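Enquirer: Here is a sequence with its predicted model. Questions after.
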Amino acid sequence: MRMSGIFALGRTGMLVNGWRSDRRREARRHTAWAAAVGALGLMPAAVAQQAGSSLGLLAAPALSAAGTMGSIPVFWSLPPRFMSGTALAAGVALINSCANLAGYFAPRFLGGMKESTGSYALGLFAIAGVELIGVVLIFVFIRKEPSNPRVNLTLETYESYEDRPRNPEKWLLEIYDEEFLRAHPDLTTLEFAAYLKTVRDYEQRIASGELPDLDTYARAPFGYAEAVHHIKDSAAHIREICAAEPAANSLR
């Protein structure tokens, strides 16, 4: 019963930290600070084990589980920031291998420390130290994400049929295409969900007759005037979004 409660808090840490990271679109600090909480939770657990405190042995591991497990889902968004292709595959494989080795050796290490010292305390302090080293490595080697990036917003639009004569064609954004995913390694769950919601909303508007379907849209005239109107309409839509989102004001 005690362990189920501890792991329930760990699950809560995963959900809350993952949600907060997606909402703020920041992973580096959310991974590091959650791991730090996990490490710091192990230290009072070691002290409580030596003192024989039942309350401490319940509260401290719960805090550690919430922090350590809370860092895991956010951590997996970090490797794609500086690796791609085969390097990313090899990096993920190496990370998984290290995790599997830790899962095998850590319990044996704790057991050995218990047999040699009569207490788990030194073993818990050692594991906390390893986790804190990981926190330091994140802060040192992973670039800080700018809080207010000055980026250029671009419109992906068609050339008019007058600028480049051709047969009418359908314009598709293959979001599951490997090339698209490699070019957008920072695509978050929240952004992906927003994209799918947009697709669903447009499907409903097409079904209601408010908007033309893809075939009708592809056959519609798209000369120079239509292309300019499309650009101006899209730019106005982006400005409207920036005005409605305080966090995006610096992008205008």
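Expert: Sure, I can see it. Residues are numbered from 1 along each chain as shown.

Enquirer: neighbours of residue 10, just the number please.
Expert: Per other Cβ atoms under 10 Å, the neighbour tally for residue 10 reads 21. (Glycine included, C-beta is placed from N, CA and C.)

Enquirer: Please, which helix or strand holds it?
Expert: Element membership of residue 10 [criterion: DSSP states H and E] is helix 2-24.

Enquirer: Which positions within that helix qualify as buried?
Expert: By 16 or more other Cβ atoms under 10 Å, the buried positions in helix 2-24 come out as 6, 9, 10, 13, 14, 17, 18, 21, 22.

Enquirer: Next: stretch 208-215.
Expert: Buried residues in stretch 208-215 (16+ other Cβ under 10 Å): none.

Enquirer: what's in contact with it?
Expert: 170, 202, 205, 206, 220 (Cβ atoms under 8 Å, 6 or more residues apart in numbering).

Enquirer: where does the residue lying closest to the third one once chain neighbours are set aside land in three-state SS?
Expert: If I follow you right, that is residue 205. Nearest non-adjacent residue to residue 205, counting by Cβ to Cβ, 6 or more residues apart in numbering: residue 211, 4.7 Å away. The local conformation at residue 211, judged by DSSP: H, G, I helix; E, B strand; the rest coil, is coil.

Enquirer: what's the distance between residue 211 and residue 32?
Expert: Going from residue 211 to residue 32 by Cβ to Cβ, to the nearest Å gives 45 Å.

Enquirer: What residues does residue 73 make contact with?
Expert: 14, 17, 18.

Enquirer: now these in JSON lines, with distance to residue 157?
Expert: Output for those, formatted as JSON lines (distance: Cβ to Cβ, whole Å):
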{"residue": "14", "distance to residue 157": "40"}
{"residue": "17", "distance to residue 157": "38"}
{"residue": "18", "distance to residue 157": "35"}
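
Enquirer: got those residues as a markdown table, with distance to residue 77 and pLDDT columns?
Expert: Below are those laid out as a markdown table (distance: Cβ to Cβ, whole Å; pLDDT from 0 to 100):
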| residue | distance to residue 77 | pLDDT |
| --- | --- | --- |
| 14 | 13 | 93 |
| 17 | 12 | 93 |
| 18 | 9 | 91 |
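
Enquirer: backbone phi and psi for the residue nearest to residue 205, please?
Expert: Main-chain dihedrals, residue 211, degrees, to the nearest 10: phi -120, psi 150.

Enquirer: so what's it scoring on pLDDT?
Expert: With respect to pLDDT, residue 211 has a value of 86.

Enquirer: circling back: next, the angle from the helix or strand just after the helix holding residue 10 to helix 2-24.
Expert: Downstream of helix 2-24, the next assigned helix or strand under DSSP H and E is helix 28-51. Counting by axes from the mean of the first three to the mean of the last three Cα atoms, to 10 degrees, helix 28-51 lies at 160 degrees to helix 2-24.

Enquirer: can you give me the mean pLDDT across helix 28-51?
Expert: When pLDDT is averaged over helix 28-51, the result is 90.

Enquirer: List the buried residues of that helix.
Expert: The neighbour-count check on helix 28-51 (16+ other Cβ under 10 Å) flags 28-46, 48-49 as buried.

Enquirer: Any buried residues in the helix or strand where residue 59 lies, and which?
Expert: Using DSSP H and E, residue 59 maps to helix 54-75. Buried residues in helix 54-75, counted by 16+ other Cβ under 10 Å: 56-75.
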